[in-house]
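Q: Predicted model follows, preceded by the sequence.
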Number of protein chains: 4
Amino acid sequence: MIIMMNAPTADQISRVMDKLCQLGLDSHLITSSDKTIITASGNLSACNPELYERMPGVDKVVIVETPYKLVSREFQQNNTVVTVGDAHFGSDSIPVIAGPCAIESYDQLYQAGVDAKAAGAAMLRGGAYKPRTSPYSFQGLEKDGLEIIKTVGRELGLPVVSEVTDPRKVDLIADCVDMLQIGTRNMQNYVLLKEVAITKKPVLLKRGLSATIEEWLMAAEYIMSGGNNQVVLCERGIRTYETYTRNTLDLNAVPIIKYLSHLPVIVDPSHGTGSWRWVTPMAKAAIAAGADGLLIEMHPCPEEALSDGPQSLTPNNFAQLMEELEKLSTVLGRSLHKNNKK
Amino acid sequence: MIIMMNAPTADQISRVMDKLCQLGLDSHLITSSDKTIITASGNLSACNPELYERMPGVDKVVIVETPYKLVSREFQQNNTVVTVGDAHFGSDSIPVIAGPCAIESYDQLYQAGVDAKAAGAAMLRGGAYKPRTSPYSFQGLEKDGLEIIKTVGRELGLPVVSEVTDPRKVDLIADCVDMLQIGTRNMQNYVLLKEVAITKKPVLLKRGLSATIEEWLMAAEYIMSGGNNQVVLCERGIRTYETYTRNTLDLNAVPIIKYLSHLPVIVDPSHGTGSWRWVTPMAKAAIAAGADGLLIEMHPCPEEALSDGPQSLTPNNFAQLMEELEKLSTVLGRSLHKNNKK
Amino acid sequence: MIIMMNAPTADQISRVMDKLCQLGLDSHLITSSDKTIITASGNLSACNPELYERMPGVDKVVIVETPYKLVSREFQQNNTVVTVGDAHFGSDSIPVIAGPCAIESYDQLYQAGVDAKAAGAAMLRGGAYKPRTSPYSFQGLEKDGLEIIKTVGRELGLPVVSEVTDPRKVDLIADCVDMLQIGTRNMQNYVLLKEVAITKKPVLLKRGLSATIEEWLMAAEYIMSGGNNQVVLCERGIRTYETYTRNTLDLNAVPIIKYLSHLPVIVDPSHGTGSWRWVTPMAKAAIAAGADGLLIEMHPCPEEALSDGPQSLTPNNFAQLMEELEKLSTVLGRSLHKNNKK
Amino acid sequence: MIIMMNAPTADQISRVMDKLCQLGLDSHLITSSDKTIITASGNLSACNPELYERMPGVDKVVIVETPYKLVSREFQQNNTVVTVGDAHFGSDSIPVIAGPCAIESYDQLYQAGVDAKAAGAAMLRGGAYKPRTSPYSFQGLEKDGLEIIKTVGRELGLPVVSEVTDPRKVDLIADCVDMLQIGTRNMQNYVLLKEVAITKKPVLLKRGLSATIEEWLMAAEYIMSGGNNQVVLCERGIRTYETYTRNTLDLNAVPIIKYLSHLPVIVDPSHGTGSWRWVTPMAKAAIAAGADGLLIEMHPCPEEALSDGPQSLTPNNFAQLMEELEKLSTVLGRSLHKNNKK
């Protein structure tokens, strides 16, 4: 159950929360500049919404049966649109984020940005802090990488996204990028989720490697219940027994998320499959399944990439994919966002 | 390694097989009316193709490194096109097979057939022998069901496909239908695969519930090495930890199969997801990923179905899907096969 | 719900089944020489057991909520003990079945039998019909293999078990062996399950590669509802994402099966792990978890085996394992069955 | 490759690392008070160990082919024994850690500690910071919980372990407990792993929910390469398709880890199965498989637990399990560590 209040007094809030407590329900207060919300979890069967609607300060009560509350379509029927620069995730327009897995140098990222922009990408991606399976693998340029992506983004007029892995560095990274990425290994790093919630910056929340759809939505709920509703979900493959692909890209998640939640969902076919060979067909399939955007790894020179070269498209492949996506989007009643800043 | 021979004598065959045996390779002879093929497995490193090409009776030698030989793209570069009536699986034209999970009565199947044909389906499906998890569930109309689908197919001019589960009934079923279906539970029922190979009828080979792509291709190899190359592969969902869908439809399999094999691959989003709600978006995604056809469960009245009602489309939903697929196929450079017999 | 009847007339049976039908329940009649049982599935909420207990010919009514009926512990509280020769599966005594994956020759199997018996194995195993992933792999000695295992079993006084894969060969194999094995690929081959039910021979039912525990019990229900209650379940590893082992041996299944069902459950750590190195620790773990027996691959000379050599123990390893198991069984309040025929 | 150096000068270190760099290998320097180690990853084929052994300052060179270096059995042949109070993980003696999932109050934890000690547990566990799937679930007593476990541990003379989730709180928690737990959701939270490495405290590293054995060992490598070799691995169930248990406890991991690594491995059957009913058989199986210890959830009153009640043993169940484990350990040639402080 979600109780929305309109400029309530502290006393009005207390009365609602006390009442919930008497019924054995767990309540959780969320306040932001423009709204006050109380979520209640537990056995709702004895709960009468009308009772709460008549309490002073209460604006509206919505019964939400699912464990996730604020992210649910039951709570909010209209799509949330997350805006980053000119890109609108969750609208009829479909933005594509492109760029290398890791930032390697100014020159490499600048070239990637030029290529991405030329093909119409809406945003530039690049990792400065890389969570790598081995402590002996390249861990990213860290602070220097951040400066590079900030600079390249401004020079090219492209909004940028980069991954955050450390709660102590969230503010630092939030100052340099337009969107914060939570990677697959950190989807259930709740300490980090709470920290990115505080920034109010748009968040790209990747699905955990073996996360159920419900766990993924619960991770988004951590961010929304922390006061940040600028969340874009990103499907990036799950772990199955199949060894032919690095992961199994789960496109079923796209229509399911659209049904269960008002949040936008995009797809990363690069990590999702692990090989450039499958990126183009799976990118097209993602859009046909209803995805609100794509995240594509592209490298000016994939064979020299320090990380994830085998799954990166070349600039040429990427430009061709964008052309195909444009036609596809139109026939599906949507449009591909094409960057038109010169 | 695959050795193709041209009208060889018994002696010529023996000499080739003896030579392979001396090198410690396993050889397997496949003869049909128009060709003679010897496959060789094992450590091929010491193997010199030229040596065999110069032996009497040998036409051509192809090195195939994968464990599947005849189904591999290395062996045959051009797509195999499997033709059933007017439907051509593996061509630019995309056929859709539709119909109920189980045949329940003449009236039910006839109505399903009329609806399927009106919307443009290329073939009618319906199960007469149903492998059900419980011995207490409806097991199909069996022989009566076969008669019904044979009759309805002829009356409507639609080719029909039905599942075979018992090697003792393969001939009986082959006489009544245009295509034999091997279901997911029988993908590794090699006794059955060898039996359908003998019929030379087109075979629809569903992926096993937890089959790797390699195991699936090896199952197809059983049919092809038995002398039947009329095999259409059908992705129908794999088993993962996700409980929100009945299965996880694995569209990655589509571009991978197209890359590894010359055989056509179609997609069954009905079993693959387990709910009608996801059938339409996933059907569109399948086509965008490059599928050569679709298998769609449609029932005149899903809420009364004896089997798999929740995942069946209504005739209206199906007709609408077909319209969307037609536009989508065109933009992808292909065309939806529309039944045009009146 | 399960209705047990005592020497009922045809009319008494009809009246019970008509009554169930009126309530919309699916009923299923099982008759054997000594008992008549009717199972009823569907919505049992409106069902009053007392009503049925007072009907003529009815002996007893048991409510069973699970989809599996006859195999459930609700239906039968005492353990079923399946006896093969001197071996009693499901008793305090723990029999071990040993032998090679495939029968390769009389000499090979005879030597394996001698080694198995010397170490105390209760039964000898060996495959004559081998379901292999590749059509080009050794498919077993077939009929000749059957003759060999029959002969060796008699000569050594060891009961034997071999796999059946073809419903047309069930009778042939049942004449040669003391126990029929249903392999993992055929767990849901219902045609085959119905056929082995008819033989009334003891059946070793391996878990399907990705079968849930419920599906596995439903496969056993097929055999029991076909009139054969001599079923021993065998855990042999499930498919997971882990690539370090061939399969993931799921010992959790042992206590769960013992809780849900009265049927005995044994463990095959050889297929379950795929490497001889893990067979000994996992065999001991299986017994500690409560398994009613073991199936161990042992080959007189594993490095020369035609199938599954890497997972086979040598006779020495096996003899040592048996000694450890004997001590372990005692401390667990059970005893290892030691073959004592000389 | 691992190069061990003996009190090297800065110049000697540089010369080794330069040489590795010239060969295109990634090198990583680990220095602690008593030793200096250089790990090298990459293509080792051109690498000659003798060459390095003759360089000044180099003590010994070990070729390790696996991606994990310091944790591998190739590098260190003898078992690492991790000592916490009287408990020795990795020795012949088997310690059991017991206690509730979450610390709820002083009284609850004190009672749990008394019960654990009476039954012979070696250590007391209890969570103060709880990573919960829902932001609306009880998140632990946090700082107050830490004070409670520190106090109870001292009063009862039991070493204590508690989970750390936030790199900013590692020092705080390290001051209150004897062992730091990394939970399953944080196994790949590398920022956190690096932070616990710095403390040099014993670490209990749980396996990630879908972590491969190699990823798990790589997580341990992060801690060891950070200078902390006091790592105990803990198997706690993996995610599979089976829904009957919360997770699938993977006991195969026990012998495999013992073979690949010198680090001790213990088993948590409580989280691993999710139900108290399977804890006792699976705990016994874990010991039979060769585990170096157990982690058992026990609550003075499971039905009132704020977290994970259904999988907690009662004190009585736990005491009985300890008696069975004692006999079992003896027959396996080991001994159960029984707390003997009065």
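A: Looks like it came in fine.
Q: Identify the residues contacting residue A:137.
A: A:130, A:307, D:26, D:41 (C-beta atoms under 8 Å, 6 or more residues apart in numbering or on different chains). Using the backbone N, CA and C atoms, a C-beta is placed for each residue, glycine as well.
Q: What pLDDT does the model give it?
A: pLDDT recorded at residue A:137 is 88.
Q: Would you verify that it is located in a helix?
A: No: judged by DSSP: H, G, I helix; E, B strand; the rest coil, residue A:137 forms no part of a helix; its state is coil.
Q: which bits of chain A sit near chain D?
A: A:26, A:28, A:39, A:41, A:67, A:69, A:131-137, A:165-168, A:185-186, A:188-191, A:209-210, A:215, A:218, A:221-222, A:225-226, A:239 (C-beta under 8 Å from any C-beta of the partner chain).
Q: Please pick the buried ones from those.
A: Burial by neighbour count, 16 or more other C-beta atoms under 10 Å in any protein chain shown: within the residues of chain A next to chain D this picks out A:28, A:39, A:41, A:67, A:69, A:131-137, A:165-167, A:185-186, A:188-191, A:209-210, A:215, A:218, A:221-222, A:225-226, A:239.
Q: Among these, which lie within helices?
A: A:190-191, A:215, A:218, A:221-222, A:225 (DSSP state H).
Q: Next, work out how far apart residue A:218 and chain B are.
A: Remark: distance between residue A:218 and chain B (C-beta to the nearest C-beta, to the nearest Å) = 13 Å.
Q: Isn't that residue up against residue D:133?
A: Yes: here residue A:218 reaches residue D:133: they are 5.1 Å apart, a contact under C-beta atoms under 8 Å.
Q: Find residues that contact each of the two.
A: Both residue A:218 and residue D:133 are contacted by residue A:67, under the criterion C-beta under 8 Å, 6+ apart.
Q: Counting neighbours, what do you get for the residue lying closest to residue A:144 once chain neighbours are set aside?
A: Nearest residue to residue A:144 in three dimensions, chain neighbours excluded: residue A:128, at 7.7 Å (C-beta to C-beta, 6 or more residues apart in numbering or on different chains). Residue A:128 has 27 neighbours, counted by other C-beta atoms under 10 Å in any protein chain shown.
Q: In terms of pLDDT, where does residue A:128 sit?
A: Listed pLDDT for residue A:128 reads 97.
Q: Among the contacts of residue A:137, which one sits closest to residue A:313?
A: If you rank those by distance to residue A:313 using C-beta to C-beta, residue A:307 comes first, at 14.8 Å.
Q: now the closest one: how far from residue B:76?
A: Distance, residue A:307 to residue B:76, by C-beta to C-beta, to the nearest Å: 37 Å.
Q: and if you look at residue A:192?
A: Residue A:192 is 51 Å from residue B:76, where distance means C-beta to C-beta.
Q: quick one, which of the two is more surrounded?
A: The residue with more neighbours, out of residue A:192 and residue B:76, is residue A:192; 27 against 17, by other C-beta under 10 Å.
Q: gap between the more buried one and chain C?
A: Taking C-beta to the nearest C-beta, one finds residue A:192 at 25 Å from chain C.
Q: these two touch, right, that residue and residue A:182?
A: Yes: with contact defined as C-beta under 8 Å, residue A:192 counts as touching residue A:182 (6.7 Å).
Q: what do these two both touch?
A: Both residue A:192 and residue A:182 are contacted by residue A:164, under the criterion C-beta under 8 Å, 6+ apart.
Q: follow-up on the earlier one: tell me which of the contacts of residue A:137 has the lowest pLDDT.
A: Within those, pLDDT is lowest for residue A:307, at 80.
Q: Can you name the residue of chain A nearest chain D?
A: Scanning chain A for the residue nearest chain D gives residue A:210, at 3.4 Å (criterion: C-beta to the nearest C-beta).
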